[in-house]
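Asker: Below are the sequence and a predicted model for it; my questions follow.
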Amino acid sequence: MAATGTDRLTPFEEARELILARARRLDAEPVPLREALGRVTAADVRASAPVPGFDNSAMDGFAVRAADLAGAGAAAPVTLVVVDESRAGHPASRPVGAGEAIAISTGAVLPAGADAVVMVEKAERAGDTVKVAGPIAAGTAVRRAGDDVAAGELVLPAGTPVGPAELGVLAELGVEPVPCRRRPRLAVVVSGDELVGPTEPLAPGQIRDANAHTLRALAERAGAEVVAEARVGDDPDATRAALAAALAGADLVVISGGISVGAHDHVKGALAELGVEQVFWRIAFKPGKPTWFGVAEDDGPLVLGLPGNPVSAMVCFTLLAWPAIRAMLGVSAPPRRTVAILDDECEREPNRLHAVRCRLALHPDGWHAHSTGAQASHVLTSMVGAEAVALIPAGDGPLGAGEEVEVELLPYAQG
Ligand code: AMP
Ligand code: MG
């Protein structure tokens, strides 16, 4: 077991490393192009043919031989005979000879013999002839085969997240189906006697379960598939049964609540009985100090125990479970950070890194981080509109407005 001392809080970066060290890349599976949005490629994608596949016109106009127009000018226009047409999808049936032109559309095959395209605005068509009043450089308005992608070129390396542009490129290259990583299977368990659903009646002391929804949403945004959801009361047997079921079909089990030291916190005990080995418990981080991480026997599923407070659950999932899910998907990009100037005074914690939820704004002197308001871990509205967390190092007293700190972007908040 690593880093399990009862007094020691695991530093945040170390906690993230310990989780990433256990996150294994999942297998590949073929995914139809139409369903590949949001997935991650599992193999290098190379071009089997150049893109564009043939020399073609960048303009509507006339395919010509530049040499024919060498002497053309306003006072001495050159008249060419229009002998054919090349339309998009319908190449011309003959080449361009000396003194000839072929009418051409954007994207149509450049006919043999032609080496430039006179745009329609610079040509005066009259019946079977076209008059051009100026010279043209060879290559004008011609898109060469392979000027986007050369044959054999590595276009999308394995581990590329598939967004709209990647989908388009895959389609251009004729990749169907797309080799993608299997989505991590995630089970979400929320624990607490006080929890009810959004429309159930509220008995005295009960609250509505927020974490089932925030955690499922974060998991799906990260690219995981939520295969099981359960809510369990503060009872040791029920907790063990719920966790046993969750472990059965998951790559990652996330449980909220019941992970602390209260008389009714049963999660750690249940996990121990189920043979889940603790890697760390309690991190030098706010919000989310009681966070627990372990691995089931025989390199089984990862288990992340999150505090029930809804902000702690969201922040710790985002900063700890999200990178693990991305690693399982084969994405190696580290979380995105930058430096920002604090707009507000922020409390420092004596022994813990403090993640202050904030919005970012670009000012002439750089990025500014503006706190989303009260930062207590039950104030879930402080997550609404948050784009980043400002990472306030441990220390004494507040850190003043105007100080520079590192900020980590909340990956689900981008775009
Ligand atoms: P716990 O980690 O179980 O000690 O819970 C800490 C706080 O989070 C308590 O105020 C709980 O009522 C609250 N809480 C626990 N689970 C949830 C949940 N699923 N949704 C909203 N609040 C919760
Ligand atoms: Mg509880």
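Answerer: In hand now; what should we look at? Residues are numbered from 1 along each chain as shown. Ligands and ions are numbered 1, 2, ... in the order given.

Asker: Any regions of the chain where pLDDT drops low?
Answerer: For the chain, residues meeting the criterion pLDDT under 70 lie at 1-6, 414-415.

Asker: quick one, helices of it?
Answerer: Along the chain, the segments classed as helices by DSSP state H run 12-22, 164-172, 211-222, 236-248, 267-273, 310-316, 322-328.

Asker: Just the buried residues of the fifth one, please?
Answerer: Translated: helix 267-273. Neighbour-count burial for helix 267-273, counted by 16 or more other C-beta atoms under 10 Å, picks out 267-268, 270-271. Just so you know, the C-beta spots here come from the backbone N, C-alpha and C atoms, and that holds for glycine as well.

Asker: now, among these, which is nearest to ligand 1?
Answerer: Proximity of the buried residues of helix 267-273 to ligand 1 was ranked by C-beta to the nearest ligand atom; the top entry is Val267 with 8.5 Å.

Asker: For the stretch 201-350 of the chain, which residues are neighbours of ligand 2?
Answerer: Residues of the stretch 201-350 of the chain lying close to ligand 2 by C-beta under 5 Å from the ion are 257-258, 308.

Asker: now, which of those sits nearest Gly275?
Answerer: Closest approach between those and Gly275, by C-beta to C-beta: Gly258, at 18.5 Å.

Asker: Quick check, that closest one in contact with Glu194.
Answerer: No: between Gly258 and Glu194 no contact is recorded; they are 11.3 Å apart, counting by C-beta atoms under 8 Å.

Asker: Tell me which of these two has more neighbours.
Answerer: When Gly258 and Glu194 are compared for neighbours, Gly258 comes out ahead with 28 against 15, by other C-beta atoms under 10 Å.

Asker: Pull the distance from stretch 318-337 to the chain's centre.
Answerer: Averaged C-alpha coordinates place stretch 318-337 at 10 Å from its chain's average position (C-alpha atoms, centre = their mean, to the nearest Å).

Asker: The closest residue to ligand 2 within the stretch 201-350 of the chain: what's it in contact with?
Answerer: The stretch 201-350 of the chain approaches ligand 2 most closely through Gly257 (4.1 Å), counting by C-beta to the ion. Counting by C-beta atoms under 8 Å, 6 or more residues apart in numbering, Gly257 makes contact with 190-192, 195, 211, 265, 267, 306-308.

Asker: mind running it again at 6 Å?
Answerer: Gly257 makes contacts with 191-192, 308, as judged by C-beta atoms under 6 Å, 6 or more residues apart in numbering.

Asker: same for ligand 1: which of these are within range?
Answerer: Under the cut-off given by C-beta under 6 Å from any ligand atom, ligand 1 has 192, 308 from those close to it.

Asker: Dump the contacts of Gly257 to JSON lines, plus neighbour count.
Answerer: Rendered in JSON lines, the data for those read as follows (neighbours: other C-beta atoms under 10 Å):
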{"residue": "Ser191", "neighbour count": "28"}
{"residue": "Gly192", "neighbour count": "20"}
{"residue": "Gly308", "neighbour count": "26"}
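
Asker: Keep only those of the contacts of Gly257 that are in strands.
Answerer: If you go by DSSP state E, those have Ser191 in strands.

Asker: Which one of the contacts of Gly257 is nearest to Ala66?
Answerer: Gly308 (73.9 Å).

Asker: Not counting sequence-adjacent ones, nearest residue to that closest one?
Answerer: Gly257 (3.1 Å; C-beta to C-beta, 6 or more residues apart in numbering).

Asker: for the chain, longest strand please?
Answerer: strand 353-363.

Asker: Which positions within it qualify as buried?
Answerer: Within strand 353-363, the residues that qualify as buried are 353-358, 360, counting by 16+ other C-beta under 10 Å.

Asker: Give me the residues contacting it.
Answerer: Everything outside strand 353-363 that qualifies as a contact, by C-beta under 6 Å, 6+ apart, is 12, 285-286, 315, 346, 367-372, 375, 382, 386-392.

Asker: follow-up on the earlier one: can I get the buried residues of helix 267-273 in CSV including distance to ligand 1?
Answerer: CSV is the format used below for these (distance: C-beta to the nearest ligand atom, whole Å):
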residue, distance to ligand 1
Val267, 8
Lys268, 12
Ala270, 13
Leu271, 15
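
Asker: Which among the contacts of strand 353-363 count as buried?
Answerer: 12, 285-286, 315, 346, 368-372, 375, 382, 386-392.

Asker: OK, contacts around the residue of the chain found nearest ligand 1?
Answerer: Closest approach between the chain and ligand 1, counting by C-beta to the nearest ligand atom: Gly308, at 2.4 Å. Each residue near Gly308 by C-beta under 6 Å, 6+ apart is listed here: 192, 256-257.

Asker: As CSV, those residues with distance to Asn56 would be great.
Answerer: Supplementary listing: these in CSV, determined by distance: C-beta to C-beta, whole Å:
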residue, distance to Asn56
Gly192, 64
Ser256, 57
Gly257, 61
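
Asker: Among these, which one sits closest to Glu172?
Answerer: Sorting the contacts of Gly308 by how near they are to Glu172, with C-beta to C-beta, puts Ser256 at the top with 43.6 Å.
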